[in-house]
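> What would the 3D arrangement of this be:
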Amino acid sequence: MQQEMMLKAFENEKSLPWISFAQVLSGTTGARPFQVHSLHPFLKKKDSVSLSDYQKFIQWFTPFVREDEKTDGYTIEDILQVVDCPYFFGHMDAAAAMNVLKDCGRANTFLLRFSSTPKTYSLSAIDIYGVCYHWRFTGEKLEGRMSFDLDGRTYESLIDLVDCHKKEPLLKTVEGRGRMRLGGHLRTGIGGESGVALE
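Below you'll find the model as predicted:
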């Protein structure tokens with residue numbers, strides 16, 4: 001129902017001013033202003049939100065429901081669990097991820113992004129040889145909780161997934177090169193800017 005209300009807000013327009021979009025999102029989902037603002041880097045371009053960008057984004061989070069609905073639909077809190085991760089870059093293809101990681105120049109640096117298929121994500125990382133790897137994993141809401149599956153293991157959050165692979169080298173790389181342990185991550189900033197965050 002929230003999805004239909006959001007789409008109706010666009011009426012026959014290709015885009016909405018950011019302020020109008022934020023008001024509709026708050027009204028239909030019960031989202032608070034700071035929650036809506038967290039979506040800003042992923043949806044806003046030139047002070048507006050295009051219908052096509054919104055539709056592309058929301059595919060990972062359907063059905064979209066109000067906070068007070070008790071379903072396996074995605075609430076604004078579920079969406080924020082993904083997009084508020086400091087190393088989540090949103091829509092970025094493998095080539096762009098590789099360029100960003102190579103420009104960083106630090107081994108074992110990583111980022112998370114949407115994969116090309118809805119409800120799948122990619123973990124992209126660069127190894128000590130400068131080779132970039134991409135691991136696909138699924139993310140969905142089951143039995144009222146978020147669930148992310150990678151390498152045969154299930155995690156309750158993206159942070160849990162990353163923390164595990166910082167400690168345990170479970171991610172397989174190319175034959176003969178063994179496994180990779182994650183190190184520092186690239187951090188997204190306001191407006192999609194990136195910088196290197198080392199740990």
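> pLDDT on the strand or helix carrying H37, on average?
Assigning secondary structure by DSSP states H and E places H37 in helix 33-43. Helix 33-43 carries an average pLDDT of 92.
> cool, stretch 104-113 as well?
Stretch 104-113 comes out at a mean pLDDT of 86.
> and whichever helix or strand comes after the helix holding H37, what does it pack onto?
Where DSSP H and E defines the elements, the next helix or strand beyond helix 33-43 is strand 44-45. Helices and strands touching strand 44-45, by 3 or more CB pairs under 8 Å, 6 or more residues apart in numbering; DSSP states H and E: there are none. Every residue, glycine included, has its C-beta placed from N, CA and C.
> re earlier: check which helices and strands the helix holding H37 sits against.
helix 18-29, helix 51-58, helix 76-83, strand 88-91.
> Let's have those in CSV, adding distance to P41 and mean pLDDT.
Listed next are those as CSV, based on distance: least, CB to CB, whole Å; pLDDT from 0 to 100:
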stretch, distance to P41, mean pLDDT
helix 18-29, 12, 92
helix 51-58, 11, 94
helix 76-83, 8, 93
strand 88-91, 7, 93
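> Among these, which comes closest to S157?
S157 lies closest to helix 76-83 among the helices and strands packed on helix 33-43, at 6.1 Å (CB to CB).
> and the protein, what are its domains?
2-83, 88-197 (automatic domain parsing).
> returning to that earlier point: now the helices and strands packed on helix 33-43 as TSV including distance to N108 and mean neighbour count?
Output for those, formatted as TSV (distance: least, CB to CB, whole Å; neighbours: other CB atoms under 10 Å):
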stretch	distance to N108	mean neighbour count
helix 18-29	36	18
helix 51-58	29	16
helix 76-83	22	19
strand 88-91	17	19
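> With distance to Q2 added, can I get the ones you listed in TSV?
Shown next, in TSV, are the helices and strands packed on helix 33-43 (distance: least, CB to CB, whole Å):
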stretch	distance to Q2
helix 18-29	5
helix 51-58	10
helix 76-83	10
strand 88-91	21
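> Of the ones you listed, which is nearest R145?
Across the helices and strands packed on helix 33-43, R145 has its closest neighbour in helix 76-83 (9.0 Å, CB to CB).
> So which elements touch the closest one?
Against helix 76-83 (3+ CB pairs under 8 Å, 6+ apart) you get helix 33-43, strand 145-150.
> tell me the angle it makes with strand 145-150.
For helix 76-83 against strand 145-150, the angle by axes from the mean of the first three to the mean of the last three CA atoms, to 10 degrees is 20 degrees.
> What pairs with the lengthiest strand in the chain, parallel or antiparallel?
Scanning the chain for the longest strand, with DSSP state E as the assignment, gives strand 132-142. Strand pairing for strand 132-142, determined by DSSP bridges: strand 120-126 (antiparallel), strand 145-150 (antiparallel).
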